[in-house]
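Q: with the sequence up front, the predicted model follows.
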Amino acid sequence: MNKLFSRGSDALAMAAIDSGLKFYAGYPITPQNDIPEFLSRELPKVGGTFVQAESEVASINMLLGASSCGFRVMTSSSSPGISLMQEGISYLAGSELPAVIVNVSRWGPGLGGIGASQGDYHQATKGGGHGDYFIPVFAPYSVQEMYDLTVKAFDVADKYRTPALILADVMISLMRETLIRRYPEGIKPPEKSWAFGERKGERQKIIKSLYLKGNELEVHNWKLHKKFEEMKKNEILFDKYLCDDADIIIVAFGMVARVARSTIELARENGLKLGLFRPISLVPYPEEELFSLTKTCKNFFVIEMNTGQMLYDVMRILGRNVNIRFYGKPSSYVPTPDDLFNKAKELFNI
Amino acid sequence: MKAVYKKPEVLKNPCFHFCPGCHHGTVHKLVAEAIDSLNLKDSALAVIGVGCGVFLYDYLDVDSLEAPHGRGLAVATGVKRVRPERIVFTYQGDGDLASIGMAESVHAANRGENVTVIFVNNTIYGMTGGQMAPTTLLGQVTTTSPYGREFHRDGYPIRMAEMLATLEGVALSARVSVCTPKYLFDAKKIIKKAFEMQLDNMGFTFVEVLSSCPTNWNMSSMDALNRVKEEMIPFFPLGVFKERKMPDVL
Amino acid sequence: MSSKKSFYIDLVFSGFGGQGILIAGNLLCYSALLDGREVTFFPSYGVEMRGGAANCYVVISDRQIGSPIPSHPEIGMIMSLPALKRFENVIRSGGYLVINSDIISPEEVEREDVNKIFINANSISKDVVGNDRLANMVMLGYIAKRFSVVKKDSLISAIKEVVSEKHKKMIPLNEKAILAGYNLKLT
């Protein structure tokens, strides 16, 4: 039976294996250790390589090496570790090397805390590493999406030769629910003629991110930008729930969106028409899809487990002619459906 | 007529960008000769650190991957683990390998990664303009140690070859120089041996090459050559500090 | 939109680590899956590795489940005094506190607007399997029947999903303890 009762982290790791993961490197950090523990056990069974690296800095650079050889590679970490990886992510982007990076995010700044958090939205979506680049970012809100978006991330990473990030959270990573393992027989990764394989007298291959001659750097950066424009056309993912007749639309991602689903049902039982707009791809952001909701709704309620980060994107996209309210919860305690319902009533004076 | 000398095939027709008297060009050639003599042109894969050696791919006709500063041996680990049939070597300077990349270097050595390291030690940061390196000698004047390196403030120069020789995962750890013809021939032999040992799956092979940097040392090429002999070798003795005769087996 | 006819139940299981709190929660989930329902399971986690509090939320429905952490669960299975203190006020008004009275004395419960059910689960476990370590299964068996959460057959069939290979010989004992709870008539 392909229908399983699975933990989010296991679903993600299983999807990586089903996607043809060849190489994983990582360093222990709470709360994502379930992923390397699963892969250290399962990856060698399918001919893959698991390395516990000496640091997140080493992990991401091991990925750079293995990816250059044309294989599917992944690492996972949690916020402080992702900060350490930013240098390598920038190099992967500059060298046009595919890789999947998973952030089961926790609290910061600094050591912060180990609880559920969305404090890394800016870091995930606005770069994080140095230089002029974007990488695709996906935010799962169910165990099924931990699986499906991992498959998607590998696909997009290869298609655009870019690192891709999964911005997960503790709630979705720890919870268990039904999972349909869509590709138990495995997915065959694409052939990569640009990668280091057997040379057999062919021309020398060079994979690099240093461009010092003439205007080659400018050409390179416009090339990266063009890929991002293509992603905007092809890779946007979002979810709408009861938006058509909504008086207020909640805008949330990841675990908060999951809780908000219950809030919407609760509100509708109480005669208040709430809806939910959920970006699944945080980069590229479903801008047009969000903006089109202003045709029928003027009230938007942004909820995040931080002090307001995606809020800036929503404000930029929706402009000043709609009513935007925000509720932020920079704590490890995930708000309940009641909490969000009460906040909606308070902030919209209902 | 019998050929007594031939340019290594893997060495392109380069006009090196290196300064006059710099040893990088010589070290490049030694690596090229080793690759040629072992017929590794197709299988060699260079992981290139950040420093004056960063343009190695312009001079050597081998597949090349550029690593972030200091991360060469993490990158090489990733390559070798998924392409064990490729002969992987890193080419790194002292700032790259022994300062910013110390953790990656030591741990790759300790894991016994089956890769070869060409470590060019010229006691200074060349590319960035002559700053103090972890290998800068005591008393040496650099742009960031204008009064000379002083151990209370700056610590001591690091002897990488000796340090790595203490690790179980290391198969070969040696220090060579190219400052006299005899030393040059020794260096050539050791570099070739390092690649041979990788071919035999012996584990981590490390060759430290003492090198000159006349420009940043503010010296003539000849004086720089003498400095290697008279100041560097006494502190960084030449020799093989560890050589494993058998590969690690289960 | 949820309709009145649709099935929905939410529970919290709480006690000390080692009491089998998470196993009880998981077992209920697997049973509900066998019944063909949607299920979510959410465990608490902390920095302590052993001996601390153990809690989990279980939501069972025949529709897609939103939050795996309910605002106010209907049923609480309470196996320790700290668990009571933490969740007594979380249970919804009119809900149920199912309390192991071998561990918590009834006077400790303060709330008046919830139903209180006391089960001397340790004693029952001792009677039926010879030790008190399956008190969790006694409690779970009772809850399954009392609130019609899952079918009896599903509950029994699901035991093998949560008992590890190493403890396979414990399956019949678990079954006994569950049935003791399932058939329990409280006066």
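A: All right, it came through fine.
Q: drop to CA atoms for contacts and neighbour counts, all remaining ones
A: Will do.
Q: how many other residues sit next to residue 127?
A: All of this is about chain A. Residue A:127: 16 surrounding residues under other Cα atoms under 10 Å in any protein chain shown.
Q: the intended chain is chain C.
A: 13.
Q: ok, residue C:6 next?
A: 9.
Q: residue contacts, the residue nearest to it when sequence neighbours are not counted?
A: Nearest residue to residue C:6 in three dimensions, chain neighbours excluded: residue C:62, at 6.5 Å (Cα to Cα, 6 or more residues apart in numbering or on different chains). Going by Cα atoms under 8 Å, 6 or more residues apart in numbering or on different chains, residue C:62 touches C:6-8, C:36-38.
Q: same deal with residue B:174?
A: B:161, B:190, B:206-208, B:238-242.
Q: which of those residues ranks first by neighbour count?
A: Compared across the contacts of residue B:174, residue B:206 has the highest neighbour count, 30 neighbours, by other Cα under 10 Å.
Q: on the three-state scheme, that one is what?
A: Classification of residue B:206 using DSSP: H, G, I helix; E, B strand; the rest coil returns strand.
Q: how about residue C:40?
A: Looking at residue C:40 with three-state DSSP, the answer is strand.
Q: quick check: bridge partners of it?
A: Beta-bridge pairing for residue C:40 (DSSP bridges): residue A:177, residue C:59.
Q: pLDDT below threshold where in chain B?
A: B:249-250 (pLDDT under 70).
Q: would you mind finding the longest helix in it?
A: Ranked by residue count and defined by DSSP state H, the top helix of chain B is helix B:181-199.
Q: name the helices or strands packed onto that helix?
A: Packing contacts for helix B:181-199, counted by 3 or more Cα pairs under 8 Å, 6 or more residues apart in numbering or on different chains; DSSP states H and E, involve helix B:24-37, strand B:87-93, strand B:116-121, strand B:170-177, strand B:204-210.
Q: among the ones you listed, which comes closest to residue A:278?
A: Comparing the helices and strands packed on helix B:181-199 against residue A:278 with Cα to Cα, the closest turns out to be strand B:87-93 (46.0 Å).
Q: quick one: the closest one to chain centroid distance?
A: 7 Å (Cα atoms, centre = their mean, to the nearest Å).
Q: just say helix, strand or coil for the residue of chain B found nearest chain C.
A: Residue of chain B nearest chain C, by Cα to the nearest Cα: residue B:103 (28.1 Å). With three-state DSSP as the basis, residue B:103 sits in helix.
Q: for the longest helix of chain B, list every residue counted as buried.
A: For helix B:181-199, burial by neighbour count (16 or more other Cα atoms under 10 Å in any protein chain shown) applies to B:184, B:186-188, B:190-199.
Q: ok, and what's touching it?
A: Contacts with helix B:181-199, where a contact means Cα under 8 Å, 6+ apart, come from B:30-31, B:33-35, B:38, B:87, B:114-116, B:118, B:171-172, B:174, B:176-178, B:203-207, B:209.
Q: buried ones among the residues you listed?
A: B:30-31, B:33-35, B:87, B:114-116, B:118, B:171-172, B:174, B:176-178, B:203-207, B:209.
Q: in the stretch 251-350 of chain A, which spans are helices?
A: Ranges of helices in the stretch 251-350 of chain A, per DSSP state H, counting those that start in this stretch, are A:254-269, A:287-291, A:310-318, A:337-347.
Q: and the longest helix seen in chain C, how far from the chain's centre?
A: If you go by DSSP H, chain C has its longest helix at helix C:21-34. Relative to its parent chain, helix C:21-34 has a centroid offset of 9 Å by Cα atoms, centre = their mean.
Q: which other helices and strands contact that helix?
A: strand C:8-16, strand C:38-43, strand C:53-61, helix C:135-146, helix C:152-162.
Q: could you rerun that using 6 Å?
A: If you count contacts as 3 or more Cα pairs under 6 Å, 6 or more residues apart in numbering or on different chains; DSSP states H and E, helix C:21-34 packs onto helix C:152-162.
Q: would you mark the buried spots in the helix it packs on?
A: C:152, C:154-156, C:158-160, C:162.
Q: now pLDDT too, for these, in JSON lines please.
A: Listed next are the buried residues of helix C:152-162 as JSON lines, based on pLDDT from 0 to 100:
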{"residue": "C:152", "pLDDT": "95"}
{"residue": "C:154", "pLDDT": "96"}
{"residue": "C:155", "pLDDT": "96"}
{"residue": "C:156", "pLDDT": "96"}
{"residue": "C:158", "pLDDT": "96"}
{"residue": "C:159", "pLDDT": "95"}
{"residue": "C:160", "pLDDT": "91"}
{"residue": "C:162", "pLDDT": "89"}
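Q: what parts of the stretch 201-350 of chain A come near chain C?
A: A:258-259, A:261-262, A:336-338 (Cα under 6 Å from any Cα of the partner chain).
Q: that concludes my questions; thank you for your assistance.
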